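> structure for this input, please:
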Amino acid sequence: MKLVTRSLMALAAAASLIAPATLNAELPQGARAPMFATQGALAGKPFAFNLSVVTTFGTLCGLD
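As a prediction, this is how the structure comes out:
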């Protein structure tokens, strides 16, 4: 049982080191934003959020 647990722990550790190197969620500069729309609430008031509309005014969060 301890061998199985250690093996799983080693596999999880290896995967945590490999996964961040292979994941990249950044869009190239000038790329169109994917369709992403949702509804939310701020201070109890509902609002609509559309990523395509927000990014037409520039980069999200002011990041370049």
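
> what's the neighbour count on the residue lying closest to residue 35 once chain neighbours are set aside?
Of all residues beyond its chain neighbours, the one nearest residue 35 is residue 52 (6.5 Å), with distances taken as CB to CB, 6 or more residues apart in numbering. To be clear about C-beta, it is placed using only N, CA and C from the backbone, and glycine gets the same treatment. By other CB atoms under 10 Å, the residues close to residue 52 number 12.

> got a pLDDT number for residue 52?
Looking at residue 52, its pLDDT is 73.

> before we move on, which element is it in?
Assigned by DSSP states H and E, residue 52 belongs to helix 51-55.

> elements contacting that helix?
Packing partners of helix 51-55 (3 or more CB pairs under 8 Å, 6 or more residues apart in numbering; DSSP states H and E): none among the helices and strands.

> the residue nearest to residue 35 contacts residue 31, correct?
No. In this structure residue 52 lies outside contact range of residue 31 using CB atoms under 8 Å: 11.7 Å.

> partner strands of the strand or helix carrying residue 40, parallel or antiparallel?
Applying DSSP H and E as the criterion places residue 40 in strand 37-42. Using DSSP bridges, strand 37-42 pairs in its sheet with strand 45-50 (antiparallel).

> off-centre distance for the strand it pairs with?
Counting by CA atoms, centre = their mean, to the nearest Å, strand 45-50 is centred 20 Å from the centre of its parent chain.

> so what's residue 10 scoring on pLDDT?
Note for residue 10: predicted pLDDT of 82.

> pretty sure it is in a helix, no?
Yes. Counting by DSSP: H, G, I helix; E, B strand; the rest coil, residue 10 is located in a helix.
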